[in-house]
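1. A predicted structure for the sequence below; I have some questions about it.
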Amino acid sequence: MATGEAETGDAPRTAWLGGLRAAARTIVDYALPPRCPGCGVIVGEDRQFCLTCWSSLDFLDGPACTRCSIPLPTALPGEPVACGACLANEPPFDGAPAAVAYGAVARTVALRLKYGRRLGHARLMARLMARRLGTLGECREMVLIPVPLHRWRLWSRGFNQAALVADELARITDARCDHHLLLRTKATVSLRGKRRRERERIVAGAFALASDAKARGAGQHLVLIDDVHASGATLRAAARVLKRSAAARISVLTWARVVPDALMTGNIFDFADVDSDMHGERMTG
């Protein structure tokens with residue numbers, strides 16, 4: 001049979017399968033309609049915010065500190081500038097952008113992924129984080145390092161939300177992902193409500209490098225991936241350990257960044273009341 005005849009013969013079958021998939025999708029959408037990840041109202045597509053939730057997100061695209069990426073509204077766009085905190089205590093990473101400021105909707109999305117097991121939210125978060133990843137350099141030259149969980153927490157939760165987000169980022173960009181270069185060797189108590197020095201004491205010694213980390217990380221641009229950047233104690237501790245791998249550069253990328261009220265008037269959260277692990281939080285619905 002000629003090739004053209006074979007293709008013509010397959011056309012009705014292809015059309016039938018396409019119609020079946022469309023019908024199945026209609027039934028599923030009727031029984032389980034897509035819902036806004038922020039408030040739960042019915043929306044048109046999966047992983048799509050409603051207009052109210054989308055409008056409430058504060059995207060962190062303006063002028064920012066070149067070291068920690070905290071917003072600096074009074075700085076001139078395009079001018080490299082460091083914030084006072086970084087001048088006083090230089091962080092162990094070069095750039096730490098986040099997709100959005102930590103607010104009610106960003107918090108709900110993170111909690112529903114972490115505690116509500118809405119694993120599809122990792123894809124939503126990664127999609128909005130991807131454009132910020134590009135501000136750190138060429139994605140194909142990056143290795144994404146999800147902030148690891150201690151094995152006890154990994155066993156109890158069943159997954160590492162940072163690893164899910166990192167995998168999605170690698171899938172939609174040219175970046176690579178390495179889950180095992182950085183290890184969590186010490187279980188830590190909640191950082192919630194702790195002062196800065198106490199947070200740093202708690203996370204000290206919590207991370208270690210894999211035995212072959214220098215062979216895998218030397219000369220690389222390593223990008224730590226996490227869900228929330230609060231005080232930054234966990235991220236700084238992890239970055240200090242990654243520096244021992246002889247990496248050329250260490251950066252950070254997160255879904256949400258806790259921003260002081262003076263810099264983001266729509267943000268009512270204080271970093272002393274949250275932490276990157278958000279221990280003890282629960283999300284229902």
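-> In hand now; what should we look at? Here the structure is a predicted model, which means the values were calculated and not measured.
2. helix or strand right after the lowest-mean-pLDDT helix or strand in the chain?
-> For the chain, using mean pLDDT, DSSP states H and E, the weakest element among its helices and strands is helix 3-31, scoring a mean of 58. Following helix 3-31 in sequence order, the next helix or strand is helix 51-56 (DSSP states H and E).
3. Now the next helix-or-strand element following that following helix: buried residues?
-> Later in the chain than helix 51-56, the nearest helix or strand by DSSP H and E is helix 84-88. Neighbour-count burial for helix 84-88 flags residue 86 (criterion: 16 or more other CB atoms under 10 Å). C-beta coordinates here come from the backbone N, C-alpha and C atoms, glycine included.
4. same question, stretch 74-86
-> Applying 16+ other CB under 10 Å to stretch 74-86 flags 75, 82-83, 86 as buried.
5. end-to-end on stretch 72-82?
-> With CA to CA, to the nearest Å as the measure, the first residue of stretch 72-82 is 9 Å from its last.
6. Could you point out which of the buried residues of stretch 74-86 is nearest to residue 112?
-> Closest to residue 112 out of those is residue 83 (31.3 Å), distances taken as CB to CB.
7. contacting residues for that closest one?
-> Residues near residue 83 by CB atoms under 8 Å, 6 or more residues apart in numbering: 65, 67-68, 70, 72.
8. Adding neighbour count, distance to residue 212 and pLDDT as columns, could you present those in CSV?
-> Output for these, formatted as CSV (neighbours: other CB atoms under 10 Å; distance: CB to CB, whole Å; pLDDT from 0 to 100):
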residue, neighbour count, distance to residue 212, pLDDT
65, 21, 34, 89
67, 20, 29, 87
68, 24, 30, 88
70, 23, 35, 89
72, 18, 39, 89
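9. What is the burial count for residue 175?
-> 24 (other CB atoms under 10 Å).
10. Other residues contacting stretch 165-183?
-> Residues from elsewhere that reach stretch 165-183 (CB under 8 Å, 6+ apart): 122-123, 125-127, 129-130, 133-134, 138-140, 142-148, 163, 207-210, 213, 216-217, 222-223, 225, 227, 238, 241-242, 245, 253, 255.
11. Going through these, which ones are buried?
-> Counted by 16+ other CB under 10 Å, these give 122-123, 125-126, 129-130, 133, 139, 142-148, 163, 207, 209, 213, 216-217, 222-223, 225, 227, 238, 241-242, 245, 253, 255 as buried.
12. Among those residues, which ones are in strands?
-> If you go by DSSP state E, the buried ones among the contacts of stretch 165-183 have 142-146, 207, 209, 222-223, 225, 227, 253, 255 in strands.
13. I am finished for the moment; much appreciated.
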